[in-house]
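Enquirer: everything below, folded, please.
(one chain, ligands or ions: 4)
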Amino acid sequence: MTQQYPNNLFELIEFMRNQNIPEAEYWKRICKFLETKSRKLHIPVHGNFELTPFCNFDCKMCYIHLSNGQYDKRKLLPVSCWKQLADSARKLGMRDVQLTGGECLTYPGFDELYKYLVESKLRVFVLSNGYYFDENRIKLFEKYRPKLIQVSIYGSSEEAYEAVTGVKAFKRVYENILRIQEAGLPLKIAITPSSFMREDVEALISMAESLHVKYGVNPQLMLPRENTGRSKSDLTNDEYIRIYRFLSSIHHEELKTVERSQVPEENHGGQQQYGIRCGAGRSSFGIKHDGSLCPCLSLDDITAKPLEIGFEQAWKYINDMSENYPIPLECGDCVYQKHCLSCIAIHKDAPEKGHCNPVVCERMKMLVQEGFIPLDRICKH
Ligand SMILES: C[S@@+](CC[C@H](N)C(=O)[O-])C[C@H]1O[C@@H](n2cnc3c(N)ncnc32)[C@H](O)[C@@H]1O
Ligand code: SF4
Ligand code: SF4
Ligand code: SF4
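Expert: Numbers count the residues shown, from 1 in each chain. Ligands and ions are numbered 1, 2, ... in the order given. As a prediction, the model looks like this:
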C-alpha cells in the first residue's frame, strides 16, 4: 500500500521510518518539507536585506553597486526603518535574514542593527567582501553569533583582485578569512566567475580547498540593474564546463559522457505557465536599499512599499504577483525544468520578452552531454 505524503512533522518522521530512509537524511528532508509548507502557506521565511548599494570595491560585474554620484548617501534607510521592517516580517514568519548590499559592513548602522536582529532570535547571515573584519567586528560576531558569514573572494593575487574589484585587496581579505576561521565562526566562501576573473576561478577553488572551508561557485551572472550602468560579463558555456570539470576532478567524480545525439532537446512551444518555481516571492523576499519589497534582489521588476502600506499588505501583493508570474513560454513543459537552475531572473536578458534565454538551454544540454546531469534523470513526458 502506498503511504500518503505527510501533513505534519510527526507524520513526516513516521513516513521516513516506514520508508527506511537513513537517519543522516532526516534533517535535509525536514528542511525540504518545511520549505514546501512555507510556500504553500505563503509564509515569508527568508528575508534578504540590501542595506546599502554602496561598497568599498567596484566589481565590474556587480549588479547592485552604485557609486556616490549614482545615489545620494542621505537617502539610505535609517536603522529604525530596518528594525521596523524586520519586526513586521518576523510577525509574518520570517526566520532567516540575510544582510547584504553593496557591502553591508559599510552600512553606517550595521553593528546596531545586527545585534538587534540576533537578539530578536533571527538566524542572521552576513554576505560580505571580507574587507572589514577588524578585531572589533570579530568580537561582535563572537558575542552575537551569525548563522553564517559568507565572504566572496575575487582573486588569487593582488593583480587578479584589482582586475575584478578595482582594489588590491588579496592579502587583507585572505588574512581576514584566517581570522574568521580562527575565531571559529561559521564561514563559507563564494566565488563568482566572470569575464574579468576568467582562469583565476580554478586558483580560487584550490585556495578554498586548501583552507578547508565550505565554498560555492556561483553558476550564473545576473544582468546588472539599469542604474548601475554596467552590462553583463558572464563566462561562456565552454568556460563554465571547464570549471565544472575542474570541480569534478577535485572531488574524484567520474563523468559518463554521452553522444550529443542522445541529449534530449528542450521542449519548445509549450503552453504559457504561471508562477515562479523557486522561493522568490513565495517563501523568500528581498528588500532593496530604498525600502522596496521585491520577490528577490535579482528580480526587482515587481515592487511594493512596505514602509508606506505596511509589510503584510506589501507581502500579499508580492506573493500574489509571484504566484501568477508568467514564466518563459518554453520552460513550462521543458524536460530540463528540474535541473535548469529554475531561476526566473536569468531570463531577464532573453532576446525576446517572455521567452527563455537560449544560452541557458544550451548549457543544460552541454551538462548532460558532459555527464554532469545523468541522462536518466531528465524527466521525459
Ligand atoms: C552583490 S554581492 C553583496 C555582498 C558582498 N559585497 C560580496 O561581494 O559578497 C553578493 C554576491 O553577489 C555576487 N554577484 C555580484 N555581481 C553579480 C552578478 N552580476 N550576478 C550574480 N551574482 C553577482 C557577488 O560576487 C557576491 O557573491
Ligand atoms: S564587493 Fe560585492 S557589492 Fe561590492 S562591488 Fe563587488 S560584488 Fe558588488
Ligand atoms: S531555460 Fe531551461 S527550462 Fe527553460 S526551455 Fe531552456 S532548458 Fe528548458
Ligand atoms: S533562483 Fe533566481 S529568482 Fe529564485 S531566488 Fe534565486 S536568484 Fe532569485
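Enquirer: ok, the residue in the stretch 251-381 of the chain that ligand 1 sits nearest to - contacts?
Expert: Across the stretch 251-381 of the chain, no residue is closer to ligand 1 than residue 298, which sits at 7.0 Å (Cβ to the nearest ligand atom). The C-beta positions use only the backbone N, C-alpha and C, and glycine is treated the same way. Residues near residue 298 by Cβ atoms under 8 Å, 6 or more residues apart in numbering: 63, 222, 343, 345.
Enquirer: and the two most separated of the residues you listed?
Expert: Comparing all pairs in those by Cβ to Cβ, the longest separation belongs to 63 and 343, at 13.2 Å.
Enquirer: gap between residue 314 and ligand 4?
Expert: In this view, residue 314 and ligand 4 are 18 Å apart by Cβ to the nearest ligand atom, to the nearest Å.
Enquirer: now residue 253
Expert: Residue 253 sits 24 Å away from ligand 4 when distances are taken as Cβ to the nearest ligand atom.
Enquirer: near that residue, how many other residues are there?
Expert: Here the neighbour count serves as a burial measure; for residue 253 (other Cβ atoms under 10 Å) it reads 12.
Enquirer: now do the buried residues in whichever strand or helix holds residue 15.
Expert: Assigning secondary structure by DSSP states H and E places residue 15 in helix 9-18. By neighbour count on 16 or more other Cβ atoms under 10 Å, the buried set for helix 9-18 is 12, 13, 15, 16.
Enquirer: do stretch 28-35 as well
Expert: Counting neighbours by 16+ other Cβ under 10 Å, the buried set in stretch 28-35 is 29, 33, 34, 35.
Enquirer: pLDDT, secondary structure and distance to ligand 4 added to these, as JSON lines?
Expert: Putting the buried residues of stretch 28-35 into JSON lines (pLDDT from 0 to 100; DSSP: H, G, I helix; E, B strand; the rest coil; distance: Cβ to the nearest ligand atom, whole Å) gives the following:
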{"residue": "29", "pLDDT": "93", "secondary structure": "helix", "distance to ligand 4": "21"}
{"residue": "33", "pLDDT": "92", "secondary structure": "helix", "distance to ligand 4": "19"}
{"residue": "34", "pLDDT": "93", "secondary structure": "helix", "distance to ligand 4": "17"}
{"residue": "35", "pLDDT": "94", "secondary structure": "helix", "distance to ligand 4": "12"}
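Enquirer: for those residues, which one is nearest ligand 3?
Expert: Ranking these by separation from ligand 3, with Cβ to the nearest ligand atom as the measure, puts residue 35 on top at 20.6 Å.
Enquirer: correct me if wrong: that closest one contacts residue 283.
Expert: Yes. Applying Cβ atoms under 8 Å, one finds residue 35 in contact with residue 283, separated by 6.2 Å.
Enquirer: common neighbours of those two, please.
Expert: When contacts are counted by Cβ under 8 Å, 6+ apart, residue 35 and residue 283 are jointly contacted by residue 45.
Enquirer: show me the contacts for whichever residue of the stretch 101-250 of the chain sits closest to ligand 2.
Expert: Ranked by Cβ to the nearest ligand atom, the top residue of the stretch 101-250 of the chain for proximity to ligand 2 is residue 129, at 3.6 Å. When contacts are counted by Cβ under 8 Å, 6+ apart, residue 129 is found next to 55, 56, 57, 103, 151, 152, 154, 165, 169, 173.
Enquirer: let me know the pLDDT of it.
Expert: Confidence per residue is given as pLDDT, and for residue 129 that number is 98.
Enquirer: that older thread, within reach of ligand 1, which of the contacts of residue 129 are there?
Expert: 55, 103, 152 (Cβ under 6 Å from any ligand atom).
Enquirer: please, which helix or strand holds the last one?
Expert: Read it as residue 152. Here residue 152 sits within strand 148-153, counting by DSSP H and E.
Enquirer: state the mean pLDDT of that strand.
Expert: Mean pLDDT, strand 148-153: 98.
Enquirer: parallel or antiparallel, which strands does it pair with?
Expert: Counting by DSSP bridges, the strands paired with strand 148-153 are strand 123-128 (parallel), strand 187-191 (parallel).
Enquirer: quick one: the last one near ligand 1?
Expert: Yes. Using Cβ under 6 Å from any ligand atom, a contact is recorded between strand 187-191 and ligand 1, made by residue 190.
Enquirer: what's the first helix or strand after that strand?
Expert: Using DSSP H and E, the helix or strand that directly follows strand 187-191 along the chain is helix 200-210.
Enquirer: likewise the first one?
Expert: Stepping forward along the backbone from strand 123-128, the first helix or strand reached (DSSP H and E) is helix 135-143.
Enquirer: and that following helix, what does it pack against?
Expert: Counting contacts by 3 or more Cβ pairs under 8 Å, 6 or more residues apart in numbering; DSSP states H and E, helix 135-143 is packed against helix 110-119, helix 170-182.
Enquirer: in TSV: these, plus mean neighbour count, distance to residue 46 and mean pLDDT.
Expert: Formatted as TSV, the entries for the helices and strands packed on helix 135-143 read as follows, by neighbours: other Cβ atoms under 10 Å; distance: least, Cβ to Cβ, whole Å; pLDDT from 0 to 100:
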stretch	mean neighbour count	distance to residue 46	mean pLDDT
helix 110-119	18	13	98
helix 170-182	16	23	98
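Enquirer: good, we can wrap up now.
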